[in-house]
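Student: Provided below for reference: sequence and predicted model.
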Amino acid sequence: MESTPHINPTGEFAKTFLMPGDPKRSAYIASKFLENPILVNDVRGVQGYTGTYKGHKVSVMASGMGIPSMAIYSYELFKIYDVDNIIRIGTSGANRSDIKLQDVILSESSFSLSTFAKLFDGFEGNELEASKKLNKKIEDVAKEKNINIKKGRIITSDVFNPYCDDEDKYFDNYPKGLDTLASEMESFALFYMAKKFNKHATCLLTVVDSPYDDRIISSEDRERALDDMILLALEAAIKED
């Protein structure tokens, strides 16, 4: 299999990928949920595994943090390795008071002020849709498994806004009245590459912080919420069309 600057496969890739941001989470998913996982990429420590889930081949690999990192990996997976589907699974911060800690969010679209797509090939838009096909599978599985999800628009930001000097003014930069459920830092790039190469991509997020709730989630509760999201993504990944 062809090698790229960021991926050097030592085994087969599945047509469907789960993509967390954290390489350690890739290893966690592979060891806990996949049968016979094999490490197939470890360039720059970005671990990728291929295994089976209920008899279906699935790959999981990290994207790293931020739009540029996600853009590189999703470009190579879609274009060079002919991957068909990528489900991003990550964490997020709430943008509304009704979005609670540990909620699972399914992104219907991502809004971003990033100049990434314009610099890449002149794309002028600020919003990109997730795959309706993948979202339908996730919604169907959520209903079957009685997992509550919240659907809507998210923000993909170049800024980790809790670090802003005045976080209260962060959202003043966005269009007035823009309704978003949560913020994260990768999905706009993923959706853009999926659109460019006529592939499918979506994003599931677990809410781990909120300006409306100063509680700290225990490590056990965080793991439980993330596991629900991971299982939802895996079940959707193997669901027949």
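Tutor: That came through, no problem.
Student: Next one: residue 117 from residue 156, what distance?
Tutor: 11 Å (CB to CB, to the nearest Å). C-beta here means a position set from N, CA and C on the backbone, and glycine is covered the same way.
Student: Settle it for me: which of those two has more neighbours?
Tutor: residue 156 (29 against 23; other CB atoms under 10 Å).
Student: residues near residue 3, how many?
Tutor: Based on other CB under 10 Å, the number of other residues close to residue 3 is 12.
Student: That one reaches residue 41, doesn't it?
Tutor: No. Between residue 3 and residue 41 there is no contact, the gap being 9.8 Å when judged by CB atoms under 8 Å.
Student: Show me whatever sits in contact with both of those two.
Tutor: Here residue 3 and residue 41 have residue 9 as joint contacts, going by CB atoms under 8 Å, 6 or more residues apart in numbering.
Student: rewinding a little: quick check: neighbours shared by residue 117 and residue 156?
Tutor: 188, 189.
Student: quick one, phi/psi of residue 124?
Tutor: phi -100, psi -10 (degrees, to the nearest 10).
Student: Run through this protein and note the low-pLDDT ranges.
Tutor: 1, 219 (pLDDT under 70).
Student: Report the contact partners of the most centrally placed residue in the chain.
Tutor: When CA atoms, centre = their mean is applied to the chain, the residue found nearest the centroid is residue 88 (2.1 Å). When contacts are counted by CB under 8 Å, 6+ apart, residue 88 touches 19, 20, 63, 70, 186, 187, 190, 201, 202, 203, 204.
Student: If we use 7 Å, what do you get?
Tutor: 19, 186, 187, 190, 203 (CB atoms under 7 Å, 6 or more residues apart in numbering).
Student: mind listing what's buried in the helix or strand encompassing residue 70?
Tutor: Using DSSP states H and E, residue 70 sits in helix 67-75. Across helix 67-75, burial judged by 16 or more other CB atoms under 10 Å covers 67, 69, 70, 71, 72, 73, 74, 75.
Student: Find the nearest non-adjacent residue to the fourth one, please.
Tutor: Leaving aside its chain neighbours, residue 71 sits nearest to residue 189 (4.1 Å; criterion: CB to CB, 6 or more residues apart in numbering).
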